[in-house]
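Asker: using only what follows, build the 3D model:
(chains A and B)
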2 protein chains.
Amino acid sequence: MDADPSTPHRPERNVDDPVTGRARMLAALAGRATDRPPVWLMRQAGRTLPEYRALRKDHDFLTVMRTPELAAEVTLQPLRRFRQDAAIVFCDILIVPEAMGMELTFQPGGPKLGPALRDRAAVEALRPVEAAQAFAHLGETLRGLRRELGDQHALLGFAGAPFTLACYMVEGGGSRTFSQIKRLLYTDPDLADLLLGKLADAVADLLIFQLESGADAVQLFDTWAGELNAVDYARFAAPVNRRIIDAVQAAGGTILLFLRNGSHLLDQGLDAGANGLAMGWRMDPEVVLRAMAERRLGLAGAPYAVQGNLDPIALFGPPASIRAKVQTLHRQMQPHAAHIMNLGHGLLPDTPIAGIEAMIGAVQDL
Amino acid sequence: MDADPSTPHRPERNVDDPVTGRARMLAALAGRATDRPPVWLMRQAGRTLPEYRALRKDHDFLTVMRTPELAAEVTLQPLRRFRQDAAIVFCDILIVPEAMGMELTFQPGGPKLGPALRDRAAVEALRPVEAAQAFAHLGETLRGLRRELGDQHALLGFAGAPFTLACYMVEGGGSRTFSQIKRLLYTDPDLADLLLGKLADAVADLLIFQLESGADAVQLFDTWAGELNAVDYARFAAPVNRRIIDAVQAAGGTILLFLRNGSHLLDQGLDAGANGLAMGWRMDPEVVLRAMAERRLGLAGAPYAVQGNLDPIALFGPPASIRAKVQTLHRQMQPHAAHIMNLGHGLLPDTPIAGIEAMIGAVQDL
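Answerer: Numbering: from 1, shown residues only, chains lettered A, B, ... in the order given. Got it, this is the predicted structure:
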């Protein structure tokens, strides 16, 4: 059917869904109640979807990420299958250390950064990064996505937090024990601060660049925050996270903070000044709500969003069990907080599509 | 110097140390204040020590564990180097699934149990285990150690908690995502309960057998408890842990509960009825003390011991930093709780000996 030429072009809108996903997501990010929680899934783009795997047969990970058409395509794939309210740009947190001068490779065992940082000279040699220059491809991807998504879906950007990036840089990749980075913290805290400070500058610039390029909000992923105890997190990671959050907000941006495996860091997470907290799946929503109430955060107090936190493994269960978990979480959160439905950790590669459908469907039905 | 024949034989006692390690450890386990905290290290026997590695050149892991002289030797090795107050018997939590009929092998990537449990028939086929028969070698090891240690050092036994054992049995070994065991919990909770119940019977029997064989107290290791959220822990793991704790105490025993990565399970840990909580290293001691105070547990209330919780990686740092961490933790705990100094997770294989010395030395100097 041709559009009536007298009406301006509007993106398609589902008649069952009078509020757009973008409006719903922006309201929740602003700490306001919504008709139902907006929903998206950490790692929704990539990994799990057959159409992503098909595309990856012809292009390696880094090529997909650096080619705006491909990165945009992968970002949009989940929105064609499921009814999420937000897209998150397909990218990787390790672009920052790479732009600072380290070599990034993706291997079957996980990402590698080389050579691992082990002394002051190596930290001092890291280049400052100007996002608009270093990540021009990402800016183009975001601008294209913004045009494509219109007002229908929110668009999210993200970056890794300094401590998390420092882990990869000092370990030279992933780690089980994080012995190298902790050795650095305990033996040369000044050098650790120098590294974390350089990363904070680069990450703040990257997040603001993403907002300027079309992202509605950003999420700061402190993936390895939970490897620090509360004292060390307060000493090393919290100050740089705070600096980034302040810089993003000073630029008019909205930012969510994710502290993976950070149940012991809940108080510090809530006190970080972000617009909301992305709860890890281990966090007990009741405990989070109690800690928010103590701080007068939430629908009855200062605007604050909470996101999460289904266990990604729940999506391996039968649809009825997934639906029950969504409903239980919604009943807990709805009266008290602007809630964004999500997982409490990234989608796992072998998650059944039916599990994702059950979760998103259950949210639509709330 | 010959002993005065008019005085009865007494085990050697350090003149600087008028209280024996055993007395100190038993007092703390009974929730009483001590002259200084007793100290031992999770995984102190094995792995790290050169004399252990030398012994392992001639004997594989399972042989060492099953040969009372060798197991006792490995248990005693750390006490010859460092001044711990307690020994923990050299053993492995996976002896229980093995005795139930699964095949246990230790491979470079970690332990394997085969074939992985995947259906009701496999769970029903698991054999009930009578500890005195199945683990006669362990009883002999403990009796020998008890004689050897006399009143100088406390002797600890241990077992893996049912959920932790079920993880290994259903995954067939270690796991990063625990997708198989969680799939079982979510798709067939009755079968999960059947498995967990069988394990609870075997574990309770094993712990009581260890106490009867000479252990002063036992620790229940729920190594993978932290892979469950608070709701699933309450549903699946807490009831069987409680059953074991009750059985051990009904037999007159003392039991500590360790919930690894369980900051989000703190309330349930304290409410489990154990004689004390072994804090994981992520737990914030201040938060633990606050939760204990709410329950009137500790020196000012009902007897309760808390153990831990230095980050094992702290021992990779310089001695001054290790000493400072021990002192800080002691200052936090001493006024409020019967505190057993320990790590908040097992000693890592490549921990520097100097780091262990610094920690134990710092405790002696408190």
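Asker: can I get the CA coordinates of the top helix by length along chain A in PDB?
Answerer: In chain A, taking DSSP state H as the definition, the longest helix is helix A:189-212. Taking Å, rounded to 0.1, in the frame of the first residue of the first chain, the C-alpha atoms of helix A:189-212 are listed here in PDB:
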ATOM      1  CA  PRO A 189      49.600   1.000  42.900                       C
ATOM      2  CA  ASP A 190      50.900   4.200  41.300                       C
ATOM      3  CA  LEU A 191      51.600   2.500  38.000                       C
ATOM      4  CA  ALA A 192      48.100   0.900  38.200                       C
ATOM      5  CA  ASP A 193      46.600   4.300  38.700                       C
ATOM      6  CA  LEU A 194      48.500   5.700  35.700                       C
ATOM      7  CA  LEU A 195      47.200   2.900  33.500                       C
ATOM      8  CA  LEU A 196      43.600   3.200  34.800                       C
ATOM      9  CA  GLY A 197      43.700   7.000  34.400                       C
ATOM     10  CA  LYS A 198      44.800   6.700  30.800                       C
ATOM     11  CA  LEU A 199      42.000   4.200  30.200                       C
ATOM     12  CA  ALA A 200      39.400   6.400  31.900                       C
ATOM     13  CA  ASP A 201      40.300   9.300  29.500                       C
ATOM     14  CA  ALA A 202      40.000   7.100  26.500                       C
ATOM     15  CA  VAL A 203      36.800   5.400  27.600                       C
ATOM     16  CA  ALA A 204      35.000   8.700  28.500                       C
ATOM     17  CA  ASP A 205      35.900  10.100  25.100                       C
ATOM     18  CA  LEU A 206      34.700   7.000  23.400                       C
ATOM     19  CA  LEU A 207      31.300   7.000  25.200                       C
ATOM     20  CA  ILE A 208      30.700  10.600  24.500                       C
ATOM     21  CA  PHE A 209      31.600  10.100  20.800                       C
ATOM     22  CA  GLN A 210      29.000   7.300  20.700                       C
ATOM     23  CA  LEU A 211      26.400   9.500  22.100                       C
ATOM     24  CA  GLU A 212      27.300  12.300  19.600                       C
END
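Asker: tell me what angle the following helix or strand past that helix forms with helix A:189-212.
Answerer: Using DSSP states H and E, the helix or strand that follows helix A:189-212 towards the C-terminus is strand A:217-222. Interaxial angle, strand A:217-222 versus helix A:189-212 (axes from the mean of the first three to the mean of the last three CA atoms, to 10 degrees): 160 degrees.
Asker: partners of strand A:217-222 in the sheet?
Answerer: strand A:154-160 (parallel), strand A:255-259 (parallel) (DSSP bridges).
Asker: which bits of the stretch 201-350 of chain A sit near chain B?
Answerer: Contact residues (CB under 8 Å from any CB of the partner chain) of the stretch 201-350 of chain A with chain B: A:226, A:229-232, A:261, A:263-264, A:281-284, A:286-287, A:311-314, A:316-318, A:321, A:348, A:350. Where C-beta positions appear, they are placed from N, C-alpha and C, glycine not excepted.
Asker: so which of those sit within helices?
Answerer: Among those, the members falling in helices (DSSP H) are A:Ala230, A:Val231, A:Asp232, A:Glu286, A:Val287, A:Ser321.
Asker: what residues sit buried inside the longest helix of chain A?
Answerer: Under the neighbour-count criterion of 16 or more other CB atoms under 10 Å in any protein chain shown, helix A:189-212 has A:191-192, A:195-196, A:198-212 buried.
Asker: do stretch A:294-303 as well
Answerer: Those would be A:Leu297, A:Gly298, A:Leu299, for stretch A:294-303 by 16+ other CB under 10 Å.
Asker: spatially nearest residue to the residue in the stretch 201-350 of chain A that chain B sits nearest to, not counting backbone neighbours?
Answerer: Per CB to the nearest CB, the residue of the stretch 201-350 of chain A with the smallest distance to chain B is A:Gly317, at 3.2 Å. Counting by CB to CB, 6 or more residues apart in numbering or on different chains, B:Tyr186 is the residue found nearest to A:Gly317 once chain neighbours are left out, at 3.2 Å.
Asker: pLDDT wise, what is that neighbour at?
Answerer: On pLDDT, B:Tyr186 comes in at 91.
Asker: quick check: phi and psi at it.
Answerer: phi -80, psi -30 (degrees, to the nearest 10).
Asker: wait, it sits on A:Leu315?
Answerer: No: in this structure, B:Tyr186 is not within contact of A:Leu315 by CB atoms under 8 Å, at 9.6 Å.
Asker: comparing those two, which residue is more hemmed in?
Answerer: Ranked by neighbour count (other CB atoms under 10 Å in any protein chain shown), B:Tyr186 and A:Leu315 place A:Leu315 first, with 27 against 22.
Asker: the more buried one contacts A:Asp350, doesn't it?
Answerer: No: in this structure A:Leu315 lies outside contact range of A:Asp350 using CB under 8 Å: 10.2 Å.
Asker: tell me the residues of the stretch 51-200 of chain A that contact chain B?
Answerer: Residues of the stretch 51-200 of chain A lying close to chain B (CB under 8 Å from any CB) are A:Thr177, A:Phe178, A:Ser179, A:Lys182, A:Arg183, A:Tyr186, A:Thr187.
Asker: mind listing what the first one touches?
Answerer: Each residue near A:Thr177 by CB atoms under 8 Å, 6 or more residues apart in numbering or on different chains is listed here: B:Pro312, B:Ile313, B:Leu348.
Asker: next one: the last one from B:Arg47, what distance?
Answerer: Using CB to CB, to the nearest Å, one gets 8 Å for the distance from B:Leu348 to B:Arg47.
Asker: repeat for the second one
Answerer: Computed with CB to CB, the distance linking B:Ile313 and B:Arg47 is 15 Å.
Asker: quick one, which of the two is more surrounded?
Answerer: B:Ile313 (24 against 16).
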